[in-house]
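the following block contains a protein sequence and its predicted model.
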Amino acid sequence: MGLLLLLSPGWAVAAQPVPDGTEAIRRQLAAHPADTTRLRLLNRLCYLLHNEQPARALPFGEAAVALARTLPAEGQGPGLMHSLLCLASCYANLSNGPEALTLLSEAQTIARRLNDVDALARTYTAQGSIYHDRRDSTSAWRHYQQALQLVSRRDVTPRTRMKLLGHVGNLFFLREQYPQAMHFDSLALALARREGDSTAQSNYLSSLANYQMQVGNLGRVKRLLTQALAISRRQHAVRNQANQLVMFALYYVQNQEPERADAALREALKLARQCGYLERVLDAYSVLSAEAAEQKNYQQAYEWNQRYVQLNDTINNRQTIQTLAAAQVNYEAQERARRLQLLTQQHHEQVWHSRILGAVVVLLALGLLVTVYLYRKLRRNRSALAAKNRDLKKTSLELHSVAASKDKLYAIVAHDLRGPVTAFAGVTSLIDSYIAQNDQAGLARLPALVRQAADSLNHLLDNVLNWAVSQTGELDCRPMPLPVSELFAECQALYQTTASASWQHITMSAPAGLRLMADRNMTRTILRNLVGNALKFMPAGGHVHLEAAPDPDDPQMVLLSCTDTGPGMSAATVAALMSGPALPEPTATPHATGLGLGLALSRAFVHRHGGTLVIQSRPGAGTNVTVSLPAAKSKADKVEEAPVLKPKKSPSF
C-alpha cells in the first residue's frame with residue numbers, strides 16, 4: 001500500500017466546482033453600495049459556499065456581519081441575525097467550534113428579542129450539532145431538546161425541522177440507540193423528499209446506511225450508499241462524497257473486500273484533503289491503520305496511526321490556541337470598554353465643571369480680583385489634567401508590560417506542555433505496539449513512563465500556579481526555621497521514583513542542626529525546580545548531589561547547592577539564564593523542555609528572601625546551581641513563626 005503525504009494546514013487546495021449562481025452574485029456585488037441589498041447578496045454568497053468551500057465563504061460572511069453592524073435598520077435586527085448564522089456555519093465547517101458558538105449565542109439573543117421562533121430553533125440545532133461533533137452528547141441533547149420544544153410550532157420552516165430531526169437521529173446513533181436513530185432519520189428523509197432537497201436526501205440516505213450497517217443488514221447498506229453517492233456526485237458535493245466513501249470502505253471491510261476498501265479510502269482521503277475536511281481525513285487514517293494491522297502489515301499500520309496522531313494533535317492545538325486567543329480578545333475588549341467608560345465619565349465631569357466655571361466667570365466678571373481667582377483656578381485644573389494624563393500613560397505602560405508577560409507565560413506553558421503531552425501520545429503508541437507484539441516486558445515499563453510524564457506535567461502546573469500567584473502580589477513570604485536535612489530528604493523522596501526509572505541517583509549531604517529562616521513552600525519549590533531540571537537534562541545513569549553548608553563569607557546565610565553529571569551548558573547559555581528577564585523568552589531549541597518558567601520562579605523566590613542564585617557549568621562537565629538563603633538564628637528546638645512578609649496586598653489564603 002503506497003504512502004500518502006500528510007499535508008500541512010497550508011496545503012494547496014485543488015480546484016473545486018463553484019456552486020451555481022455565485023458568479024452572478026459577485027457581479028451584482030460590484031455594482032451595489034453598502035446597503036441592505038448588498039447585505040442580502042453577501043449572505044446569499046456565503047450560504048452557497050459555506051458547505052463545500054467554507055474557507056472561501058468565510059470572507060463574505062465576515063463582510064456581511066461587519067456591514068450589518070453599520071446599518072441602522074439591520075444592526076440589531078434580522079439582517080445581523082442571519083449574517084451571524086451564516087458565518088457560524090462557516091466556522092463550524094472549518095472545525096472552529098468556539099468561534100461558531102460565540103456567533104450563535106449572539107444570534108440567539110437577537111432571535112429572542114425579535115420573537116423569531118424559526119431562528120431560535122436553528123440556533124439551538126446548530127449549537128447541539130457543534131457539541132455533537134465534540135462528542136459531548138449531554139450538551140448536544142440539552143440543546144436539541146430545547147429545539148424540539150419549538151419545532152412543532154407553525155413558525156418553524158420545514159427545512160429547520162428537517163435538519164433538527166436529522167441531527168437528533170445522529171445523536172441517537174452516537175448513543176447506539178439504532179431504532180430511534182432510524183426513526184428520526186426516516187422522518188427527515190421524508191421531509192427532504194417532500195421539499196425536493198437533494199443534498200439533504202443524500203445526507204439522510206447515508207445516515208440510514210450507517211444504521212443498517214450497525215444492525216448487520218449489509219444488503220440495504222450498499223443500495224442506500226449507492227443512491228447517496230450518486231446524488232453527491234451529481235451535485236459535486238465533495239464533503240458528502242468523502243463521508244460516503246469512508247462508509248463504503250467500512251462496508252467493503254465487513255464484506256471482506258480489502259482491495260475495494262483501500263480504493264474507497266484513498267479516494268475519500270483525496271476528497272477530504274481537497275475541501276479541508278480534517279475530520280474525514282482522520283477517519284480515513286484510522287480505517288487505513290486498522291486495515292493494515294488486520295493484514296499484519298504492522299509497519300504500514302504504525303505509519304497511518306502516526307499520521308492520525310499528528311493530525312489529531314494539530315486540530316486540538318489549533319482549537320486550544322483559538323480558545324486562548326478568543327479569551328484574550330474578550331479580556332482586552334472588556335478592558336478597553338471599561339477604560340473608555342471611565343474616560344467618558346471624566347470627560348462629562350470636566351465639561352460640567354467647565355460650564356460651572358463659565359457661569360461663575362460671567363457672574364463675577366465685574367471684579368478684577370474675581371477674574372484673577374478664576375484664572376488661577378483654571379490653571380490648577382489644567383495641571384491636574386496633565387497629572388492625570390501622566391498617570392494614564394504610566395498605567396498604559398504597565399498594562400503593556402503585563403500583556404507582554406502574559407504572552408511569554410502562554411508561550412512557555414505551550415512549549416513546556418509539548419513534552420509531557422508528546423510523552424503520553426508516545427505511550428499510547430507503545431501500548432498498541434507492545435500488545436501487538438505480546439511484549440510483556442515492554443508493558444511492565446509503561447507505568448514508570450506514564451508516572452514520569454505525569455510528574456513532569458504536575459510540576460509544570462505547580463510552577464504556573466506559583467508564578468501566577470506571585471505576580472498578583474498575593475503570595476506571602478512566611479519565614480520560619482527549617483531543618484535543611486528534612487528539606488533535602490523530602491525532595492529526594494519526591495524524585496526517587498522518577499530517578500530510578502532512568503537509573504539515576506540522588507544523594508544529599510547536610511550538617512546536622514543546620515537550619516534556614518525561609519518560607520517552607522517557596523524553599524520546597526526552589527529545591528524541586530533545581531532537582532527536576534537536573535534530572536530532566538541528565539542522561540540515564542547520572543548522579544545528582546544536594547549539599548548544604550554555612551556561607552563562609554556571610555555567617556547569616558546558608559548555601560544550598562545542586563550538582564549533576566549532565567551535559568552541562570555553554571558560557572553564553574549560563575550568562576543568558578543569569579542576566580535574562582524575570583520571565584524569559586521560550587527557547588527555540590526543538591527538543592528543549594524547560595529551564596524557562598521553573599528557573600524564573602526559583603530566581604524570584606530566592607530574591608524574595610534576599611538571597612542569590614548562581615549557575616556554574618561547562619559543556620560535558622555537568623552543572624552546579626548554588627542558592628543562598630538566610631540562616632536561622634540559634635534557638636531552642638521550639639519553632640516560632642516569623643512575621644509575614646507581604647509584597648503589596650493582604651494575604652488571600
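That came through, no problem.

okay, now the unreliable bits of the stretch 501-650 of the chain?
Residues of the stretch 501-650 of the chain meeting the criterion pLDDT under 70: 580-596, 635-650.

if we use 50, what do you get?
For the stretch 501-650 of the chain, the stretches flagged by pLDDT under 50 are 587-593, 636-650.

ok, which stretches of it are strands?
If you assign secondary structure with DSSP state E, counting those that start in this stretch, the strands in the stretch 501-650 of the chain sit at 505-509, 515-519, 543-550, 557-564, 613-617, 623-630.

got a list of what Leu174 touches?
Applying C-beta atoms under 8 Å, 6 or more residues apart in numbering to Leu174 gives the contacts His132, Arg135, Ser137. Heads up, the C-betas are built off the backbone N, CA and C, glycines and all.

the first one: helix or strand, and which one exactly?
This points to His132. helix 117-133 (DSSP states H and E).

and that helix, what's buried?
117-132 (16 or more other C-beta atoms under 10 Å).

packing partners for that helix?
When contacts are defined as 3 or more C-beta pairs under 8 Å, 6 or more residues apart in numbering; DSSP states H and E, helix 117-133 packs onto helix 78-93, helix 97-114, helix 137-151, helix 158-174.

among the ones you listed, which is the most enclosed?
Ranked by mean neighbour count under mean count of other C-beta atoms under 10 Å, those are led by helix 78-93, which reaches a mean of 24.

put the alpha carbons of that one into CSV.
Presented in CSV, the C-alpha positions along helix 78-93 are these (Å, rounded to 0.1, in the frame of the first residue of the first chain):
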residue,chain,number,x,y,z
PRO,A,78,-32.9,40.2,11.2
GLY,A,79,-30.1,41.2,8.9
LEU,A,80,-27.4,40.8,11.6
MET,A,81,-29.0,37.7,12.9
HIS,A,82,-29.0,35.9,9.5
SER,A,83,-25.4,37.1,8.9
LEU,A,84,-24.3,35.6,12.2
LEU,A,85,-26.0,32.3,11.4
CYS,A,86,-24.3,32.0,8.0
LEU,A,87,-20.9,33.0,9.5
ALA,A,88,-21.3,30.5,12.3
SER,A,89,-21.9,27.7,9.8
CYS,A,90,-18.6,28.6,8.1
TYR,A,91,-16.7,28.4,11.3
ALA,A,92,-18.4,25.1,12.3
ASN,A,93,-17.4,23.5,8.9
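
between the contacts of Leu174, which is closest to Ala293?
The shortest gap between Ala293 and any of the contacts of Leu174 belongs to Arg135, at 23.4 Å (C-beta to C-beta).

what is the neighbour count of the closest one?
Applying other C-beta atoms under 10 Å, we find 8 residues neighbouring Arg135.

pLDDT wise, what is the residue nearest to it when sequence neighbours are not counted at?
If the residues on either side of it in the chain are set aside, Arg135 comes closest to Leu174, at 7.5 Å by C-beta to C-beta, 6 or more residues apart in numbering. Here the pLDDT value assigned to Leu174 is 80.

pLDDT weak spots in this protein?
Low-confidence regions of the chain, defined here as pLDDT under 50, cover residues 1-18, 326, 329, 587-593, 636-653.

how does it divide into domains?
For the chain, the domain assignment from automatic domain parsing gives the residue ranges 22-242, 475-630.

what ranges does the stretch 351-500 of the chain have for its helices?
Per DSSP state H, counting those that start in this stretch, the stretch 351-500 of the chain carries helices over the ranges 368-437, 440-471, 484-501.

neighbours around Asp197, how many?
Count around Asp197 with other C-beta under 10 Å applied: 18.

and the one 10 residues further on, by the same measure?
Using other C-beta under 10 Å, the number of residues around Ser207 comes to 25.

packing partners for whichever strand or helix holds it?
Under DSSP H and E, the secondary-structure element containing Ser207 is helix 198-214. Where contact means 3+ C-beta pairs under 8 Å, 6+ apart, helix 198-214 is packed against helix 158-174, helix 178-195, helix 218-234, helix 238-254.

can I get the ones you listed in TSV with distance to Tyr298?
Below are the helices and strands packed on helix 198-214 laid out as TSV (distance: least, C-beta to C-beta, whole Å):
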stretch	distance to Tyr298
helix 158-174	31
helix 178-195	33
helix 218-234	28
helix 238-254	18
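
out of those, which gets nearest to Gln28?
Gln28 lies closest to helix 158-174 among these, at 24.3 Å (C-beta to C-beta).

wouldn't Leu224 be in contact with Tyr204 here?
No: with contacts counted by C-beta atoms under 8 Å, Leu224 stays clear of Tyr204, the gap being 9.5 Å.

compare those two (neighbour count), which wins?
Applying other C-beta under 10 Å to Leu224 and Tyr204 shows that Tyr204 carries more neighbours, namely 28 against 22.

now the more buried one: closest residue in space, sequence neighbours ignored.
Distances taken as C-beta to C-beta, 6+ apart place Leu189 nearest to Tyr204, at 4.0 Å, with adjacent residues excluded.

about what we covered before: so which of the strands of the stretch 501-650 of the chain comes closest to Lys393?
Comparison of the strands of the stretch 501-650 of the chain against Lys393 by C-beta to C-beta identifies strand 613-617 as nearest, at 34.3 Å.

what pairs with that closest one, parallel or antiparallel?
Here the strand partners of strand 613-617, with direction, are listed using DSSP bridges: strand 623-630 (antiparallel).

and the strand it pairs with, how far out from the chain middle?
Computed by C-alpha atoms, centre = their mean, to the nearest Å, the separation of strand 623-630 from the middle of its chain amounts to 37 Å.

likewise for stretch 96-109?
Computed by C-alpha atoms, centre = their mean, the chain-centroid distance of stretch 96-109 equals 17 Å.

need the residues that contact that stretch.
Contacts made with stretch 96-109 from outside it, assessed by C-beta under 8 Å, 6+ apart, are listed as 65, 81, 84-85, 87-89, 91-92, 119-120, 123-124, 126-127, 130, 133-134, 319, 322-323, 326.

need the contact list for Val360.
Counting by C-beta under 8 Å, 6+ apart, Val360 makes contact with Leu374.

and for Asp519?
Taking C-beta under 8 Å, 6+ apart as the definition of contact, the neighbours of Asp519 are Asp476, Cys477, Arg478, Pro479, Met480, Phe605, Arg608, His609.

swap in Tyr178?
Contacts for Tyr178 (C-beta under 8 Å, 6+ apart) come out as Phe172, Tyr211, Gln214, Val215.

now with 10 Å, please.
The neighbourhood of Tyr178, defined by C-beta atoms under 10 Å, 6 or more residues apart in numbering, consists of Gly169, Phe172, Asn210, Tyr211, Gln212, Gln214, Val215.

buried ones among these?
With neighbours counted by 16+ other C-beta under 10 Å, the contacts of Tyr178 contain buried members at Gly169, Phe172, Asn210, Tyr211, Gln212.

same list (those) but as TSV, adding distance to Ser561.
Conversion of the buried ones among the contacts of Tyr178 to TSV gives the following (distance: C-beta to C-beta, whole Å):
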residue	distance to Ser561
Gly169	67
Phe172	64
Asn210	65
Tyr211	68
Gln212	71
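
quick one, which of the helices and strands packed on helix 117-133 gets closest to Asn533.
So among the helices and strands packed on helix 117-133, helix 97-114 is nearest, using C-beta to C-beta, at 34.8 Å.

what about Val370, neighbour count?
By the measure other C-beta under 10 Å, the count of residues near Val370 is 14.

now swap in Leu457 and tell me
If you count neighbours by other C-beta under 10 Å, Leu457 ends up with 17.
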